[in-house]
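**Student:** Predicted structure and sequence below. I'll ask about it afterward.
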Amino acid sequence: MSQTELAAHLGITFQQVQKYEKGTNRVSASRLVKMASVFGVRIEVLFSGIGDNQDAGAADVLPAMSREAITVATDFEAIPDPTVRQSIRGLVKSLGRRQVANAA
């Protein structure tokens, strides 16, 4: 797949893809999720080989994500209002804590 084709799938310019490839710019988690989707692979594939000769990195810390979680992350990234995003993060955190407390 060319950089131009990848850029079109991601909704960015091919120059941005070049910056990601060269390491000039960092790739956000949501963009990595989208890239994995475009390539038809699980997100872990994009991290293969990272933990082999290094200390624990992101690939060793992040849990595997279900398709549902990936969809939620993608939808969340599409919300333009940072205040709304912060509210949603607070709600999800609160609900997660409530589930843990109820399970104990």
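**Tutor:** The structure has been received and is ready for your questions.
**Student:** Every contact and neighbour count from this point should use C-alpha atoms.
**Tutor:** OK.
**Student:** For Thr24, identify the helix or strand it belongs to.
**Tutor:** Remark: Thr24 resides in no helix or strand, with elements defined by DSSP states H and E.
**Student:** what residues does the helix or strand harbouring Glu21 touch?
**Tutor:** Using DSSP H and E, Glu21 sits in helix 14-22. If you take Cα atoms under 8 Å, 6 or more residues apart in numbering as the criterion, helix 14-22 is touched by Gln3, Thr4, Leu6, Ala7, Ala8, Asn25, Arg26, Val27.
**Student:** buried ones in it?
**Tutor:** The neighbour-count check on helix 14-22 (16 or more other Cα atoms under 10 Å) flags Phe14, Gln16, Val17 as buried.
**Student:** Among those, which one sits closest to Gly40?
**Tutor:** Gly40 lies nearest to Val17 out of the buried residues of helix 14-22, by Cα to Cα, at 17.8 Å.
**Student:** re earlier: nearest to Thr83 among the buried residues of helix 14-22?
**Tutor:** Gln16 (26.6 Å).
**Student:** so how far is Arg97 from the closest one?
**Tutor:** 38 Å (Cα to Cα, to the nearest Å).
**Student:** which ones are touching Leu10?
**Tutor:** By Cα under 8 Å, 6+ apart, the neighbours of Leu10 are Arg31, Lys34, Met35.
**Student:** Can you check the pLDDT for it?
**Tutor:** Note for Leu10: predicted pLDDT of 92.
**Student:** what does the one 4 residues further on give?
**Tutor:** For Phe14, the model assigns a pLDDT of 91.
**Student:** Repeat that for the one 3 residues further on.
**Tutor:** In this prediction, Val17 carries a pLDDT score of 91.
**Student:** who's in contact with the lengthiest helix in the chain?
**Tutor:** For the chain, the longest helix by residue count, based on DSSP state H, is helix 82-103. If you take Cα under 8 Å, 6+ apart as the criterion, helix 82-103 is touched by Phe76, Ile79.
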